[in-house]
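Asker: from the sequence below, what's the structure:
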Amino acid sequence: MKSFISEILNDILTAHDSFEECVFILPSQRAGIFLRNELKKKLTQGFLPQIVTIEHFIENISGIQKGYTIQLLFYFYKIYCEIEKNPDSFDIFSSWASVVLQDFSEVDQYLVNSKDIFTYLRDIQRLRKWSVKGEFKETTLIKDHFIFMERLAHYYDRYYEYLLQLKTGYQGLLYREATKKTTSFLSRHTTTQFIFIGFNALNKAEELLIETFLNAGSATIYWDIDRSFFESNHLAGRFVRDYTTRWKYYEKRDVKLMSSHFDTPKNIQVIGVAKHILQLKYAGEILESFNEYQDTALVLGDESLLSVALNSIPDKVDALNITMGYPLKSIPTANFITSVFQLFINQEKLQKKSTNEFYYKDVLRWIKNPLIFQFLPKKYEGFISGVEKIISRENTSFISLEDLTRFLSPLDETIRVSLLTIFQPYIGIENFIDRIILLIEQSRDGVSSLEKEYLFRFHTAFTQLKTLNSKYGYFENIKTLYTFYKRIVTSEKLSFRGEPLKGLQIMGMLETRVLDFKNVIITSVNEGVIPSGSRQNTFIPFDVKVQFGLPTYRERDAIFSYHFFRLLQRAENIFLIYNTENDDYGNGEKSRFITQLELLRNDIQQRSITQKVTTEIRKLGDIQKHPNVTEKLHHYAQKGISPSAIARYLYSPIEFYKERVLGLKQVEEVEETIAANTLGTIVHDTLDELYTPLKDRFLSTVLLSEMKTKTESLVTKYVIKHFKKGNYHLGMNRLVFEVAQNYVHRFLDLEIDLLKKGNQIKILATEQHLKTSIQVQGVDFPVVIKGIVDRIDEYNGTTRVVDYKTGLVALKQLKISNLDEIQDYQFEKAIQLLMYSHLYMSQSSDNTKTIEAGIYSFRNLKDGLIRVNFSEKRGGYDHHITPERLKRAIESVGTIISEIFNSSISFKEPRELPY
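Answerer: Prediction:
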């Protein structure tokens with residue numbers, strides 16, 4: 001394969017014996033590296049020519065240095081503040097200023113008369129608010145927008161003038177100024193020959209400059225264009241056709257070295273793959289099939305997938321070069337610095353700055369960062385998990401400096417002081433930046449060389465921010481500083497160091513300019529990616545852009561078309577991979593460029609790749625009761641099994657085994673919002689304290705009314721006890737606090753209504769701990785059953801076993817038609833009441849009496865006490881728990897207990913869970 005660079009050098013060498021007076025201008029720095037390498041091969045003696053990118057060439061002609069983005073934004077804000085009487089804060093200004101600067105640059109690059117276009121934009125706005133009847137309603141927002149559009153020209157003129165004084169500027173300014181100095185530049189370089197290589201879409205400034213050089217006889221230009229695109233109306237040849245038609249230079253000349261490589265035989269495969277990550281995995285499989293990678297390029301249509309691409313490269317690839325940078329936002333250090341910002345931003349947001357308290361999640365996010373792990377010596381490996389457990393146990397939503405000092409007390413003093421420094425109140429933005437810079441410096445020890453490179457890049461960025469803030473002082477608060485930090489990590493990239501001329505090349509589409517490869521793999525060839533969508537971030541409307549010759553999405557599509565088809569011209573093996581899945585990455589629609597390619601050639605292979613799916617029958621858990629398990633069960637039987645444990649077994653024997661036998665507990669987490677179980681505990685404890693003094697006494701309306709006055713203080717007491725350090729005064733927690741009070745008030749009102757209707761209620765016991773042992777068939781040792789009964793009372797002479805539930809309980813949940821068939825999870829509440837009833841009767845002096853058992857559901861108190869119902873009739877009621885029924889019930893429960901403790905029956909995982 002003969003590359004474009006090789007072809008043009010052969011042509012240049014026929015016209016030039018020496019390159020001492022030649023300057024090569026290329027679209028990219030990478031193209032210059034490949035050109036220099038090719039020159040070394042072709043030159044036997046002499047000096048290499050000067051090789052520059054178009055940006056450096058323009059900077060050289062203009063005599064103005066290109067400023068970096070944040071610096072230019074600071075300069076713009078200075079001018080903005082001078083113009084406006086009531087300027088926006090720097091934070092608000094920066095949200096729109098970068099778009100304005102982009103528009104300014106575009107206006108200058110295309111040599112648009114700034115006065116004309118900004119006057120045009122102003123007049124459009126004036127027409128919009130013009131009305132024959134004068135009825136246009138102008139809101140503050142619309143008014144501000146109109147004022148902004150009116151002043152754009154003023155911003156532009158003052159800013160342009162200021163930058164010229166500083167001899168620095170944005171890209172467009174350099175281009176406009178370069179066009180003014182082209183003649184004088186040529187007069188100083190009369191013997192120099194300028195050779196422009198591989199350009200396509202030129203802005204008006206580039207067009208004017210190159211055409212001036214060509215007409216003066218001081219330049220030669222080589223377009224990399226194939227006849228298939230140039231001699232047709234194909235979009236890829238649009239710009240070159242336009243230049244050769246309009247430029248005076250081409251009135252008596254043809255395009256140099258127009259190629260015809262596109263029509264040569266090629267192996268072209270169009271491959272549809274589901275999901276963007278799988279595309280890169282399949283690209284790795286294609287690479288695996290190659291024997292060598294010297295002329296191979298993996299082109300990422302979506303550059304954000306670089307990390308996936310790197311993880312998909314086969315191990316056999318021994319040389320690799322990455323032309324695109326790795327985004328700073330994807331580097332672990334970025335999360336480390338972001339977590340520091342979040343500490344203080346959320347502190348202000350949650351109004352904790354005055355007390356210097358930090359949100360616990362922000363603290364944990366910071367101390368759990370990998371850099372902190374590396375910062376701590378190995379002897380403190382379990383320290384961070386220990387801190388997390390303390391915070392969860394104490395239910396601390398906001399952590400003070402005193403708490404942190406206590407948490408970090410086990411550490412060596414030097415380490416402890418270093419970590420605590422970050423949480424100290426900061427005095428001004430510069431102090432905060434210094435703190436981050438110090439933190440970065442302290443983190444350098446004990447990390448890898450790659451991580452040191454990451455830290456150095458962030459150290460440079462914050463040093464830059466500190467310098468700008470010292471000079472201008474525009475960072476009013478930490479939020480504004482964070483905005484700029486995010487802009488840096490989003491836009492800046494960490495460059496890879498590699499051998500650019502060896503092995504596999506991983507590139508973005510723009511980096512392929514001028515370069516040719518034998519094997520080309522392009523991923524994400526979808527609409528919206530290649531080419532990108534029609535959306536543009538600008539203040540200049542589409543029709544205005546068209547009117548003044550500014551580029552729109554149509555020109556951008558033509559640029560993409562050129563890059564795509566140019567890359568295929570000389571390639572021999574081409575793999576175009578697109579995403580078939582309907583998602584945000586192109587909606588599964590392959591690029592129009594693939595469709596165009598299919599119309600141009602008839603040798604394309606179409607394939608669709610799907611992920612290999614292997615089905616495997618999942619074996620359900622089955623834990624045998626070996627001697628050690630049996631021993632634990634025996635010990636558990638002696639301690640006592642509760643109704644909740646029975647319910648857990650009915651739900652899932654495996655879960656019962658993990659929780660009750662092995663003693664595994666759920667991970668304890670900070671409870672920010674009062675949970676349902678905590679609400680239940682608060683209501684239970686409140687009612688217990690209210691009713692306990694009334695044991696063996698009949699209730700009266702006077703007593704109940706007096707109890708209502710104590711409700712708020714008792715609910716507060718138990719919220720503090722069970723919610724610990726949680727804040728219950730605001731938001732959802734305040735609502736839950738009110739709900740708890742409401743539950744208790746409504747329950748007391750229900751009791752008062754019952755008494756007013758002539759009923760008698762006597763409290764026999766509250767929160768009574770009961771225990772008894774039973775002998776179960778199939779188990780050769782007695783099993784203790786236990787439980788805590790919320791309340792036992794007498795209602796009009798009938799003894800009742802009562803349970804409180806803050807959740808919703810339906811009547812059908814306590815309906816039992818057959819006592820011999822209650823070994824199912826749906827009867828778990830009924831089983832609980834029957835076990836409580838058995839426990840009570842086993843302690844009662846009269847175990848022959850009939851009792852009742854039921855639940856007060858605070859979600860539906862209007863139903864009163866929902867009692868166990870034994871009626872077999874639909875709509876019938878039979879609430880009597882007789883000794884006979886209780887015996888049958890315990891026998892049924894005994895079969896469940898027997899199954900639990902029987903060593904020959906394993907703990908089996910259910911195929912489906914009840915919920």
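Asker: rest of the way, CA atoms for contacts and neighbours
Answerer: Will do.
Asker: packing partners of the one helix or strand residue 308 maps to?
Answerer: Residue 308 is part of helix 306-312, with elements assigned from DSSP states H and E. Contact here means 3 or more CA pairs under 8 Å, 6 or more residues apart in numbering; DSSP states H and E; on that basis helix 306-312 packs against helix 276-288.
Asker: show me where pLDDT drops low in the stretch 1-150 of the chain?
Answerer: The model of the stretch 1-150 of the chain has pLDDT under 70 over residues 129-142.
Asker: mind doing that once more with 90?
Answerer: Scanning the stretch 1-150 of the chain for pLDDT under 90 picks out 1-2, 9-21, 29-30, 33, 37-49, 68-71, 84-96, 98, 118, 120-150.
Asker: all helices for it, in order.
Answerer: 4-15, 29-42, 54-62, 69-83, 90-109, 114-128, 140-166 (DSSP state H, counting those that start in this stretch).
Asker: now these in CSV, with distance to residue 478 and mean neighbour count?
Answerer: Supplementary listing: the helices of the stretch 1-150 of the chain in CSV, determined by distance: least, CA to CA, whole Å; neighbours: other CA atoms under 10 Å:
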stretch, distance to residue 478, mean neighbour count
helix 4-15, 51, 15
helix 29-42, 38, 16
helix 54-62, 35, 19
helix 69-83, 17, 17
helix 90-109, 10, 18
helix 114-128, 35, 15
helix 140-166, 27, 15
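Asker: so which of these is nearest residue 783?
Answerer: Closest approach to residue 783 among the helices of the stretch 1-150 of the chain (CA to CA): helix 90-109, 69.9 Å.
Asker: alpha carbons only: can I get that closest one in PDB?
Answerer: These are the backbone C-alpha positions of helix 90-109, laid out as PDB (Å, rounded to 0.1, in the frame of the first residue of the first chain):
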ATOM      1  CA  PHE A  90     -18.500  35.000  37.600                       C
ATOM      2  CA  ASP A  91     -20.300  31.700  38.200                       C
ATOM      3  CA  ILE A  92     -23.400  32.800  36.100                       C
ATOM      4  CA  PHE A  93     -21.200  34.600  33.500                       C
ATOM      5  CA  SER A  94     -19.100  31.500  32.800                       C
ATOM      6  CA  SER A  95     -22.200  29.400  32.000                       C
ATOM      7  CA  TRP A  96     -22.900  31.400  28.800                       C
ATOM      8  CA  ALA A  97     -19.600  33.200  28.100                       C
ATOM      9  CA  SER A  98     -17.800  30.100  26.700                       C
ATOM     10  CA  VAL A  99     -20.600  29.900  24.000                       C
ATOM     11  CA  VAL A 100     -20.200  33.600  23.200                       C
ATOM     12  CA  LEU A 101     -16.400  33.200  22.800                       C
ATOM     13  CA  GLN A 102     -17.000  30.200  20.500                       C
ATOM     14  CA  ASP A 103     -19.300  32.400  18.400                       C
ATOM     15  CA  PHE A 104     -16.700  35.200  18.300                       C
ATOM     16  CA  SER A 105     -14.100  32.800  17.200                       C
ATOM     17  CA  GLU A 106     -16.300  31.400  14.400                       C
ATOM     18  CA  VAL A 107     -17.200  35.000  13.200                       C
ATOM     19  CA  ASP A 108     -13.500  35.800  13.000                       C
ATOM     20  CA  GLN A 109     -12.400  32.500  11.300                       C
END
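Asker: now the angle from that helix to helix 140-166?
Answerer: Computed with axes from the mean of the first three to the mean of the last three CA atoms, to 10 degrees, the direction of helix 90-109 lies at 60 degrees from that of helix 140-166.
Asker: now for helix 90-109, which elements pack on it?
Answerer: On a contact count with 3+ CA pairs under 8 Å, 6+ apart, helix 90-109 meets helix 69-83, helix 171-180, helix 204-215, helix 478-491.
Asker: for the second one, which positions count as buried?
Answerer: Applying a neighbour-count criterion of 16 or more other CA atoms under 10 Å, one finds 171, 172, 173, 174, 175, 176, 177, 178, 179 buried in helix 171-180.
Asker: need the contact list for residue 653.
Answerer: 907, 908, 909, 910 (CA atoms under 8 Å, 6 or more residues apart in numbering).
Asker: quick one: which of these is nearest residue 454?
Answerer: residue 909 (48.2 Å).
Asker: what's around the closest residue to that closest one other than its chain neighbours, how many residues?
Answerer: Residue nearest to residue 909 in three dimensions, not counting chain neighbours: residue 621, with 4.9 Å by CA to CA, 6 or more residues apart in numbering. When neighbours are counted by other CA atoms under 10 Å, residue 621 registers 14.
Asker: same question, residue 666
Answerer: Neighbourhood size, residue 666 [other CA under 10 Å]: 7.
Asker: next up, phi/psi of the closest residue to residue 682 other than its chain neighbours, please.
Answerer: Once flanking residues are discounted, residue 682 sits nearest to residue 718: 5.4 Å by CA to CA, 6+ apart. Here is the backbone geometry of residue 718 (degrees, to the nearest 10): phi -80, psi -20.
Asker: give the contact list for residue 718.
Answerer: Here residue 718 is in contact with 682, 685, 686 (criterion: CA under 8 Å, 6+ apart).
Asker: three-state assignment of residue 886?
Answerer: Secondary structure, DSSP: H, G, I helix; E, B strand; the rest coil: residue 886 is helix.
Asker: what's the pLDDT at it?
Answerer: Looking at residue 886, its pLDDT stands at 92.
Asker: likewise the one 5 residues further on?
Answerer: On the pLDDT scale, residue 891 is placed at 91.
Asker: what is the burial count for it?
Answerer: Around residue 891 there are 18 residues (other CA under 10 Å).
Asker: quick check: it vs residue 716, distance?
Answerer: Distance check for residue 891 against residue 716: by CA to CA, to the nearest Å, it reads 43 Å.
Asker: got it, and residue 536?
Answerer: 56 Å.
Asker: so between those two, which is more surrounded?
Answerer: The neighbour comparison of residue 536 against residue 716 (other CA under 10 Å) goes to residue 716, with 16 against 11.
Asker: wait, what's in contact with that one?
Answerer: Counted by CA under 8 Å, 6+ apart, residue 716 has contacts residue 737.
Asker: find the helix or strand that it is a member of.
Answerer: If you go by DSSP H and E, residue 716 is part of helix 701-723.
Asker: please apply the same query to residue 437.
Answerer: Assigned by DSSP H and E, residue 437 falls in helix 428-442.
Asker: and the next helix or strand past that helix?
Answerer: Downstream of helix 428-442, the next assigned helix or strand under DSSP H and E is helix 449-472.
Asker: who are the packing partners of that next one?
Answerer: helix 69-83, helix 332-349, helix 428-442.
Asker: which SS state does the residue nearest to residue 880 when sequence neighbours are not counted fall under?
Answerer: Among residues not flanking residue 880 along the chain, residue 852 sits closest, at 5.6 Å (CA to CA, 6+ apart). The local conformation at residue 852, judged by three-state DSSP, is strand.
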